[in-house]
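*Asks:* Requesting a structural model of the entry that follows:
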Amino acid sequence: MSAALLRRGLELLEPPGRAKAPPGLQRGRAGPRAAGAARRRKRAPEPGRNKATVKGRVVKSAIEEYHKKKPVNHLRENLQYMLKGRLVADKAITEQVLAQNRGRKSKDQPPEKTEKKKPEGTVFTEEDFRKFEREYFGIP
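*Replies:* I've put the predicted structure just below:
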């Protein structure tokens, strides 16, 4: 499942009182040229600091750098987030999320449910058949 589908599904499950994030916090660029302009923009050099010298440089510990970049396991926080809201989505929203996740090919579609026909019983009894036999064929 892609991140966009997951995000759309979570938006459907959000309580109605909660609004979207303010526009300043939303991800994305301000315009099509924003990334190029940020790349071209250079920082002004800070006066009085020469990077070529060793004086004033702090030695970074390799162990500290490793611990900073070590992957963090977010399983516990994710489980708490998922379990804190016991909101059960109604059937229509669930079907909508499943329909978004489903592909358009026929192999991705669920099989159609066909109603089983009940075997129809006869209206006539054995006594009626014997009576008809006697009348029609003349067998006593």
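
*Asks:* Give the next helix or strand downstream of the worst-scoring helix or strand of the chain on mean pLDDT.
*Replies:* Ranked by mean pLDDT, DSSP states H and E, the weakest helix or strand in the chain is helix 34-40, scoring a mean of 62. As assigned by DSSP states H and E, the chain's next helix or strand after helix 34-40 is helix 62-69.

*Asks:* List the buried residues in that next one.
*Replies:* Residues of helix 62-69 include none that count as buried (16 or more other Cβ atoms under 10 Å). For every residue, glycine as well, the C-beta is placed using N, CA and C.

*Asks:* So for it, mean pLDDT?
*Replies:* Per-residue pLDDT over helix 62-69 has a mean of 88.

*Asks:* and Ala62, what is it in contact with?
*Replies:* Applying Cβ atoms under 8 Å, 6 or more residues apart in numbering, one finds that Ala62 lies in contact with no residue.

*Asks:* what's the distance between it and Lys68?
*Replies:* Per Cβ to Cβ, to the nearest Å, Ala62 is found 11 Å from Lys68.

*Asks:* Can you tell me the closest non-neighbouring residue to Gln100?
*Replies:* Once flanking residues are discounted, Gln100 sits nearest to Leu5: 5.8 Å by Cβ to Cβ, 6 or more residues apart in numbering.
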